[in-house]
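Student: show me how the following folds:
(one chain, ligands or ions: 1)
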Amino acid sequence: MQIKKLSIPNYEEVYQCIDKESELHAYIAVHSTRLGPSLGGVRMWNYESEEEALFDALRLSKAMTYKAASAGLKLGGGKAVILGNPNKPKTEKMLRAMGKFINSLEGRYLAAEDARITPDDIEIIRKETPYVTGTHEGSGDPSPLTAEGVFKGMQVCLETQLGQQDFSKISAAIQGVGHVGSFLVEHLVHVGAKVTVADVNENNIKAITEKFPVSVVAPEEIIHVKADIFSPCALGGVLTPHNIPNLPASIIAGASNNQLSDEEKCDFMLFKENKLFAPDFVLNGGGLINIYVIDILKQDNVHEWIEHIPQTLKEIFVRSQKENIPPGQAANELAEERLKNVT
Ligand code: NAD
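Tutor: Down below sits the predicted model:
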């Protein structure tokens, strides 16, 4: 196994691992451990190049630093990516080699599941290293807590944008009713909101309509539904300079990562159009909070910790209004301050 340290400005540690025997080809990026050990998922993807894989690890590890800081956690940001081969399945040998690679960082990077890495894969990785979270015995599925955080954040959005918190007068359009979206629908229906959903997966639509009184529209229609809240819970990049001017919703609050196709431009456009955007990395921090509280602190008061999400969101909206800056910018500034002011 060959582990090579790369020198990347503004990143604490970045490594490349090539293991010929197991055919593992991976990167680990540790953006920051200022607040605590870096934590982030292990993602396997069919990257087209070395550069693309490294770029993804760098981008995602930095995002984890900001997510942990805004959730008020003593955690830093890290990420691991494996260059997958679409023609070859994952092998135990390769996952165990990944475990050895993770172990070589001696706990400065804590792994979790991510795209194409399942809880079962994490169990195999764990055979080689204790530095993993989200195992079967531990925090489990983060989706219900992610949905809880999004719902609590929506309450702050209603108060800020509409001056009230009565969901029975509110309509919401949910894009994607998978793990997080379906739990979010449950919260919203429970408080009397009028909910419209869309999903490309017919089975998920069937499951949600059998359980809850929701309206359904085609996937391409959901962003055009005349609702108070538009909630992206499927994909990234759904809000673009092209569709923002025609967006009927005045609140954007969902679980997806990187909802804005052009972060700075879309953040500014939404702000100028008086549409309240709840920064995604703040709103969807419930899953990370769940891992932190259960697997790291070994406590069971995760619902108390979820309150950090609406609290931080309130701070962001106040700052945004006071300084006349978009909420995404305010969220970045707040996270950067928390990183700077650590003692
Ligand atoms: P998921 O895969 O379970 O659900 C996504 C759903 O979106 C699926 O039902 C899928 O069929 C649907 N979908 C895909 N393309 C669509 C389209 N064009 N229009 C409508 N629906 C479409 O994923 P999830 O775990 O529910 O996560 C949802 C989003 O939230 C993802 O972007 C994820 O990265 C993010 N997120 C999830 C968590 C978590 O705890 N699961 C935490 C943080 C962020």
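
Student: next, the closest residue to residue 15 other than its chain neighbours: secondary structure please.
Tutor: Leaving aside its chain neighbours, residue 15 sits nearest to residue 28 (5.1 Å; criterion: CB to CB, 6 or more residues apart in numbering). In this view, the C-beta of every residue, glycine as well, is placed from N, C-alpha and C. Under DSSP: H, G, I helix; E, B strand; the rest coil, residue 28 falls in the strand class.

Student: shift numbering so it begins at 869
Tutor: Happy to do that; since the first residue is 869 now, the last one works out to residue 896.

Student: can you count the residues close to residue 896?
Tutor: 27 (other CB atoms under 10 Å).

Student: residue 997 and residue 1076, how far apart?
Tutor: To residue 1076, residue 997 is 38 Å away according to CB to CB, to the nearest Å.

Student: follow-up on the earlier one: wait, the residue nearest to residue 883 touches residue 971, no?
Tutor: No. Contact status for residue 896 versus residue 971: not in contact, 10.9 Å apart, counting by CB atoms under 8 Å.

Student: can you tell me if the host helix or strand of residue 1022 touches the ligand.
Tutor: Residue 1022 is part of helix 1011-1030 when elements are defined by DSSP states H and E. Yes. Residues of helix 1011-1030 contacting the ligand under CB under 6 Å from any ligand atom: 1011, 1014.

Student: quick check: buried residues in whichever helix or strand comes after that helix?
Tutor: In the C-terminal direction, the helix or strand that comes right after helix 1011-1030 (DSSP H and E) is strand 1039-1043. Buried residues in strand 1039-1043, counted by 16 or more other CB atoms under 10 Å: 1039, 1040, 1041, 1042, 1043.

Student: what about residue 947, neighbour count?
Tutor: With other CB under 10 Å as criterion, residue 947 counts 29.

Student: which helix or which strand is home to it?
Tutor: strand 944-951.

Student: same question for the helix or strand following that strand, mean pLDDT?
Tutor: Where DSSP H and E defines the elements, the next helix or strand beyond strand 944-951 is helix 960-971. Helix 960-971 carries an average pLDDT of 98.

Student: so which residues make contact with helix 960-971?
Tutor: The contact list for helix 960-971 (CB atoms under 8 Å, 6 or more residues apart in numbering) reads 869, 871, 883, 885, 887, 889-892, 894, 896, 910, 948, 950, 977, 979, 989, 992-997, 999-1000.

Student: spit out the contact partners of residue 1055.
Tutor: Applying CB under 8 Å, 6+ apart, the residues contacting residue 1055 are 1015, 1016, 1019.

Student: is the helix or strand where it lies anywhere near the ligand?
Tutor: Using DSSP H and E, residue 1055 falls within helix 1047-1058. Yes. For helix 1047-1058, a contact with the ligand is found by CB under 6 Å from any ligand atom, at 1047, 1048, 1049.

Student: what angle separates that helix from strand 1039-1043?
Tutor: 170 degrees (axes from the mean of the first three to the mean of the last three CA atoms, to 10 degrees).

Student: buried stuff in the helix-or-strand element of the chain with minimal mean pLDDT?
Tutor: Lowest by mean pLDDT, DSSP states H and E among the helices and strands of the chain is helix 987-993, with a mean of 92. Across helix 987-993, burial judged by 16+ other CB under 10 Å covers 989, 990, 992, 993.

Student: distance check, the first one against residue 981.
Tutor: Distance of residue 989 to residue 981, computed by CB to CB: 7 Å.

Student: so which helix or strand takes in the nearest residue to residue 895 once chain neighbours are set aside?
Tutor: In space, and not counting its chain neighbours, residue 895 is closest to residue 925: 4.4 Å by CB to CB, 6+ apart. Assigned by DSSP H and E, residue 925 belongs to helix 918-938.

Student: hey, C-alpha coordinates of that helix in CSV?
Tutor: The C-alpha coordinates for helix 918-938 follow below in CSV (Å, rounded to 0.1, in the frame of the first residue of the first chain):
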residue,chain,number,x,y,z
GLU,A,918,-7.6,11.8,-10.6
GLU,A,919,-8.2,15.6,-10.5
GLU,A,920,-12.0,15.2,-10.3
ALA,A,921,-11.7,12.8,-7.4
LEU,A,922,-9.3,15.0,-5.5
PHE,A,923,-11.4,18.1,-6.2
ASP,A,924,-14.5,16.3,-4.8
ALA,A,925,-12.6,15.3,-1.6
LEU,A,926,-11.4,18.9,-1.1
ARG,A,927,-14.7,20.5,-1.8
LEU,A,928,-16.7,18.1,0.4
SER,A,929,-14.2,18.1,3.3
LYS,A,930,-14.4,21.9,3.4
ALA,A,931,-18.2,21.8,3.4
MET,A,932,-18.1,19.4,6.3
THR,A,933,-16.0,21.9,8.3
TYR,A,934,-18.7,24.6,7.8
LYS,A,935,-21.5,22.2,8.5
ALA,A,936,-20.0,21.0,11.8
ALA,A,937,-19.1,24.6,12.9
SER,A,938,-22.6,25.9,12.1
